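A.B. asks: Requesting a structural model of the entry that follows:
(one chain, ligands or ions: 4)
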Amino acid sequence: MTRETLADVLDEIALLLELKDENPFKIRAYRQGADTVRSFDGDIVQLAADNQLTGIKGIGEALRDKLHLLATTGTLLYHQHLRAEFPPGLFDLFELQGLGPKKIKGLYSALAIDSITTLKTACINGQIAALPGFGAKTQTKILEAIALREKFADAFTLSAITPLADEILDTLRLHPEISQLAVAGSFRRAKETVHDLDFLAATKSPALVCEDFTTLPQVAAVIACGETKASVRLHNGLQCDLRAVSTDQFPFALQYFTGSKEHNVALRSLALKRGLSLNEYGLTPVDATAPATPLPPIHEEADLYHALGLDHIQPELRENRGELEAAAEHTLPLLVELTHLRGTFHNHTTASDGLHTLEAMAGEAISMGLQYLGIADHSKSTFQANGLDESRLLAQVAEIRRLNATWDSFRLFAGSEVDILKDGSLDFDDSLLSQLDYCVASVHQFGNLTEDEMTRRICRAMENPHVTMLGHLTGRLLLRRDPYPVNHSKIIDCAAETRTIIELNCSPLRLDMDWRWWKRARDLGVLCSINPDAHSTARLHHLGLGVRVARKGWLRRQDILNTRPVAEIETFLRTPKKKR
Ligand code: DGT
Ligand code: CA
Ligand code: CA
Ligand code: ZN
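C.D. replies: Ligands and ions are numbered 1, 2, ... in the order given. As a prediction, the model looks like this:
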C-alpha cells in the first residue's frame with residue numbers, strides 16, 4: 001500500500017459520491033483527505049496502519065477509519081460497494097475533456113451511456129444533440145474529445161507514471177540477484193509523455209530476474225518472458241519492458257536503451273569515425289587486426305561518453321538537438337537542480353479555486369525549505385474559478401502584508417494571475433496592478449483566435465510594464481487538449497524585448513512553455529520562472545517535475561528567476577521592467 005494508492009481511493013470515492021449527487025461537504029471532505037494524504041509530512045501509510053491518524057488536520061473521523069482499513073487490509077468495502085453501483089466503463093468517461101460528474105450522470109441516467117464506445121455511438125446517432133442540456137455543440141465537442149483520446153490511447157504523462165516507476169524500482173531493488181537497476185527510455189529523458197517504461201537490471205541470473213519481473217503485483221498480463229528480456233502490461237494499461245544484462249554490459253545497455261534513437265544514431269556514427277563500433281553490449285574496434293589505442297575501462301555511462309571524446313551528456317539532453325556538438329566542445333550547460341530553487345510564483349488559494357488557505361500554502365512552502373511563495377489567484381473574468389475582483393484582491397494583498405510581518409525568514413509575494421482579455425488588454429487596470437508585488441498574465445478564454453491574433457494579443461499583454469511574467473503560454477493539456485495556435489518565436493522575441501519572464505508551468509498536464517523552446521529563449525536572455533500553478537499544498541511539490549523539464553530545455557540555474565534568494569527577488573521586483 002502506498003501513499004498514492006490511499007489518496008487515489010479517496011479521490012475516487014469523492015467522484016463516485018458526486019455521481020450519486022451526495023452532500024457536497026462530504027465530497028469535499030474526501031477530496032481534502034486525498035490531498036492531505038498526498039502532502040502529509042511523514043509516513044502516513046504507517047500511521048494509518050497503526051491507527052494513529054487522530055488529530056491530523058484534513059482527516060476526519062470517517063476518513064480515519066477508512067484509511068486504517070485500507071492500510072491494513074488493502075481494500076475498502078465501502079469503496080468497492082460504491083464502485084459496484086456503476087458499470088466499470090463509466091470511469092473511462094472522466095478522462096474525456098469537458099465531461100464532469102454532472103454531465104456523465106445525465107448521460108448515464110438518460111441514455112444508459114456507460115462507456116466511451118456507447119457514448120461515441122450515441123454522438124454519431126445524434127442522440128446527444130437531442131438531449132436537453134447538451135445540444136449539437138456539446139455533441140461535437142464530445143466527439144472531438146473522443147478522437148483526441150483515441151489519438152493518445154497508448155501514451156501516459158510523465159507525472160502519471162512516476163509513482164508507478166518508483167514503486168516498481170523499490171520492489172526490484174530488494175531482489176537479491178539484481179546488482180544495478182535503472183529505468184531508461186523516454187522516462188529517463190524526461191519526455192513529457194511516455195509510451196512505455198524500459199527497466200534495465202544488471203544480474204548474474206537474467207532468466208530468473210525476468211520471471212520475477214512478470215510476477216510483480218502491478219502486472220495485469222504478461223506479454224513475453226524470455227532468457228534476457230520480458231514485457232508486461234500493468235493494470236493501468238502501461239507496458240513495461242525489462243532487459244537483464246551482465247554488470248559489464250550495464251553501462252552500454254543503459255546508454256543504448258535511454259535513447260533517444262536519434263541521439264544513439266548520431267553517437268554511433270561519431271564512434272565509427274573513431275574506428276569504434278558501439279552497440280548495447282559494448283564498444284569495440286571495427287577492425288580487430290589494426291593496432292588500436294587501448295580503450296579506457298568503462299564502468300559507467302560517463303566513461304562511455306569520455307571514451308568517445310565527449311563530456312558526459314545528461315539524459316534529459318539526449319534528443320540530438322546539439323548536445324553531441326556541445327559535448328565535444330565542452331560547452332554543455334550545467335543544468336539547474338531542484339535544490340537550487342528558493343521559491344516560486346503562480347499559486348492559488350481558497351480565495352479563487354485553490355483548496356488551501358494562504359497560511360496553509362505558506363506553511364507548506366516553509367516546510368519545503370523555500371524562502372518565498374508568490375500568490376497569484378485568478379482575476380475577475382475567470383468567474384468560473386471564482387476570480388477575485390478589485391476589492392477582494394486588495395483585501396488579499398493586505399492579508400499578505402499582515403502575514404509577512406509574522407515571519408522573519410519567509411515571505412509571500414502578492415500577485416495576481418490576471419486574465420489577458422480578447423484584445424490583449426488586462427482584467428485589472430494599471431493603478432491596481434502597481435499595488436501588487438508582481439503579476440502573471442494568462443489566457444483563459446477565446447482560445448479559438450488565429451495564430452496571428454493570439455500572438456498579437458499576448459504580445460500586447462507583455463508590453464504592459466506591470467506584467468512580470470507570462471502564464472502557461474499555449475493552454476495545452478497534455479493528452480487532453482491541444483495547444484492554441486501561437487507563434488513561439490515572436491512571443492520569445494517580444495519577451496526578450498519587453499523583459500517579460502516566461503513561466504514554465506509545471507502543473508503535470510501543462511508543462512508549458514514546451515521544453516523545445518527554452519534554449520532559444522535562454523539564448524535571447526529571457527528568464528524562466530518554474531511555477532507549479534499549485535491549487536493545493538500537495539501540488540507545490542510539482543516543482544520537481546518542473547526542474548526536470550527545465551533541464552530538458554537546457555536551462556541553467558542562472559536562467560531561472562526563482563533560484564534567486566529572496567533579497568534579490570525583492571530588488572528585482574522593485575526595479576522597473578525595462579531596467580531588469
Ligand atoms: P517511448 O516511445 O516513449 O517509449 O520512447 P523511448 O525512447 O523510450 O523508445 P523505446 O521504448 O521504443 O526504446 C527505448 C530506447 O531504445 C530508445 O530511446 C532508443 C533505443 N532504441 C530502440 N529502438 C532502437 C533502434 O531501432 N535504433 C536505435 N539506435 N536505438 C533504438
Ligand atoms: Ca520507452
Ligand atoms: Ca520499450
Ligand atoms: Zn491559469
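
A.B. asks: Quick one: name the residues of this protein near ligand 3.
C.D. replies: Where proximity means CB under 5 Å from the ion, the interface of the chain facing ligand 3 comprises D196, D198, D241. Just so you know, the C-beta spots here come from the backbone N, C-alpha and C atoms, and that holds for glycine as well.

A.B. asks: Report the contact partners of the last one.
C.D. replies: Okay, so that is D241. Neighbouring residues of D241 by CB atoms under 8 Å, 6 or more residues apart in numbering: D196, L197, D198, F199, K229, A230, S231.

A.B. asks: before we move on, what about the first one?
C.D. replies: When the contact criterion is CB under 8 Å, 6+ apart, the partners of D196 are G185, L238, Q239, C240, D241.

A.B. asks: Of those, just say which sits nearest to E262.
C.D. replies: Within the contacts of D196, proximity to E262 (CB to CB) peaks at G185, which comes in at 13.7 Å.

A.B. asks: show me where pLDDT drops low in the protein?
C.D. replies: The chain contains residues with pLDDT under 70 at 291-292.

A.B. asks: Near ligand 2, which residues of it? Just list them.
C.D. replies: Residues of the chain found near ligand 2 (CB under 5 Å from the ion) are G185, S186, D196, D198.

A.B. asks: where's the last one relative to E280, distance?
C.D. replies: Taking CB to CB, to the nearest Å as the measure, D198 and E280 are separated by 12 Å.

A.B. asks: Overlap in contacts, these two.
C.D. replies: Shared contacts of D198 and E280 (CB under 8 Å, 6+ apart): F257.

A.B. asks: If you count surrounding residues, which of these two has more?
C.D. replies: D198 (23 against 15; other CB atoms under 10 Å).

A.B. asks: So that one: helix, strand or coil?
C.D. replies: When classified by DSSP: H, G, I helix; E, B strand; the rest coil, D198 comes out as strand.

A.B. asks: which residues does it contact?
C.D. replies: D198 is in contact with V183, A184, G185, F187, C240, D241, R243, F257, counting by CB under 8 Å, 6+ apart.

A.B. asks: Any idea what it is bridged to?
C.D. replies: D241 (DSSP bridges).

A.B. asks: which residues sit in contact with the residue nearest to P465 when sequence neighbours are not counted?
C.D. replies: For P465, ignoring the flanking residues on the chain, the nearest one in space by CB to CB, 6 or more residues apart in numbering is K577 at 5.2 Å. K577 makes contact with P465, T468, T498, R499, T500, according to CB under 8 Å, 6+ apart.

A.B. asks: Check which helix or strand the spatially closest residue to the last one that is not a sequence neighbour maps to.
C.D. replies: The one in question is T500. Once flanking residues are discounted, T500 sits nearest to M462: 4.2 Å by CB to CB, 6+ apart. Element membership for M462, per DSSP states H and E: helix 451-463.

A.B. asks: Give me the contact list for that helix.
C.D. replies: Helix 451-463 has contacts (CB under 8 Å, 6+ apart) with 420, 422-426, 441, 443, 447, 449, 467, 470, 473, 484-487, 490-491, 494-495, 498, 500.
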